[in-house]
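Enquirer: pasting the structure only:
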């Protein structure tokens, strides 16, 4: 039986869009924090600076804005008080931008607002 990974599918779609439509000068990358790890591996990763709740994608947008996007399965949200909520608050308090999206349409709206994507015609279904 094939496992469904809706958040992975959404992240792949967003990354494909970014590969073709990111504004010049925008730096973007994934933050690979997810996945199951053994206790030993988790301890090693923590020692290397892996932080619970880090968003899925990071963007540096001229003239120096830091933006972070958490991707969720359709209808899912960051839970109040969990590590993702805490990290979103920390990012915002530091002057960064942090949002969540549960669809490609929502991600496009956020990325256009942050000036990550080139202006163009995006067929939104929302």
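Expert: Good, I have the coordinates. Source: prediction; values computed, not measured. Numbering: from 1, shown residues only.

Enquirer: and the next helix or strand past the helix or strand containing residue 89?
Expert: Taking DSSP states H and E as the definition, residue 89 sits inside helix 83-93. Where DSSP H and E defines the elements, the next helix or strand beyond helix 83-93 is strand 97-101.

Enquirer: now tell me what touches the helix or strand encompassing residue 17 from outside.
Expert: According to DSSP H and E, residue 17 maps onto helix 6-21. For helix 6-21, contacts defined as CB atoms under 8 Å, 6 or more residues apart in numbering pick out 28, 30, 56-57, 69, 71-74, 101-104, 107-108, 111, 116-118, 120. Just so you know, the C-beta spots here come from the backbone N, C-alpha and C atoms, and that holds for glycine as well.

Enquirer: show me which of those are buried.
Expert: 28, 56-57, 69, 71-72, 101-104, 107-108, 111, 116-117 (16 or more other CB atoms under 10 Å).

Enquirer: and those residues, which of them are in helices?
Expert: Counting by DSSP state H, the buried ones among the contacts of helix 6-21 place 104, 107-108, 111 in helices.

Enquirer: what helices or strands is the longest strand anywhere in the chain leaning on?
Expert: The strand that spans the most residues within the chain, counting by DSSP state E, is strand 65-71. Strand 65-71 makes packing contacts with helix 6-21, strand 57-61, helix 83-93, strand 97-101, helix 104-113 when contacts are defined by 3 or more CB pairs under 8 Å, 6 or more residues apart in numbering; DSSP states H and E.
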